[in-house]
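Participant: Starting from these lines, generate the structure:
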Amino acid sequence: MLELDEEGYDAKIFRSALEEVVEARKRSGDFSETAQHHYEQLDKILAETGGGEILKLIEFLDALGYRISLVDKD
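Facilitator: From the prediction side, this is the model:
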């Protein structure tokens, strides 16, 4: 959802993808109150700003030849 492509970045799609991840983690019983609190804060920020900061970070890293990836801590 964070990849830059010809269609660009869409904050609504990103927020929707995060919501799907949260719901899946909740269904599996693997979503703490702390995670819920952070998710609510992040969702509020994304709703207000559209995630422009994230896009700029992605563009900067892309210009340096990097990309963001997520890996499980375990």
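Participant: Could I get the buried residue list for whichever strand or helix holds residue 60?
Facilitator: Element membership for residue 60 (DSSP states H and E) is helix 52-63. Neighbour counts using 16 or more other C-beta atoms under 10 Å place 54-55, 58 of helix 52-63 among the buried residues. Using the backbone N, CA and C atoms, a C-beta is placed for each residue, glycine as well.
Participant: ok, of those, which one's closest to residue 41?
Facilitator: Nearest to residue 41, judged by C-beta to C-beta, of the buried residues of helix 52-63 is residue 54 at 14.2 Å.
Participant: still on that earlier bit, got the CA coordinates for the helix holding residue 60 in PDB?
Facilitator: Provided in PDB are the C-alpha atoms of helix 52-63 (Å, rounded to 0.1, in the frame of the first residue of the first chain):
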ATOM      1  CA  GLY A  52       1.500  13.500   3.200                       C
ATOM      2  CA  GLU A  53       4.300  13.000   5.600                       C
ATOM      3  CA  ILE A  54       4.400   9.300   4.900                       C
ATOM      4  CA  LEU A  55       4.400  10.000   1.100                       C
ATOM      5  CA  LYS A  56       7.300  12.400   1.400                       C
ATOM      6  CA  LEU A  57       9.300   9.800   3.400                       C
ATOM      7  CA  ILE A  58       8.600   7.200   0.800                       C
ATOM      8  CA  GLU A  59       9.600   9.500  -2.000                       C
ATOM      9  CA  PHE A  60      12.800  10.500  -0.200                       C
ATOM     10  CA  LEU A  61      13.700   6.800   0.500                       C
ATOM     11  CA  ASP A  62      12.900   5.900  -3.100                       C
ATOM     12  CA  ALA A  63      15.300   8.700  -4.300                       C
END
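Participant: in the protein, which ranges drop under the pLDDT threshold?
Facilitator: Within the chain, the stretches with pLDDT under 70 are 1-9.
Participant: can you do 80?
Facilitator: 1-13, 74 (pLDDT under 80).
Participant: Show me where the protein has its helices.
Facilitator: Per DSSP state H, the chain carries helices over the ranges 11-27, 33-49, 52-63.
Participant: relative to helix 11-27, how tilted is the last one?
Facilitator: Spelled out, that is helix 52-63. Using axes from the mean of the first three to the mean of the last three C-alpha atoms, to 10 degrees, the direction of helix 52-63 lies 100 degrees away from that of helix 11-27.
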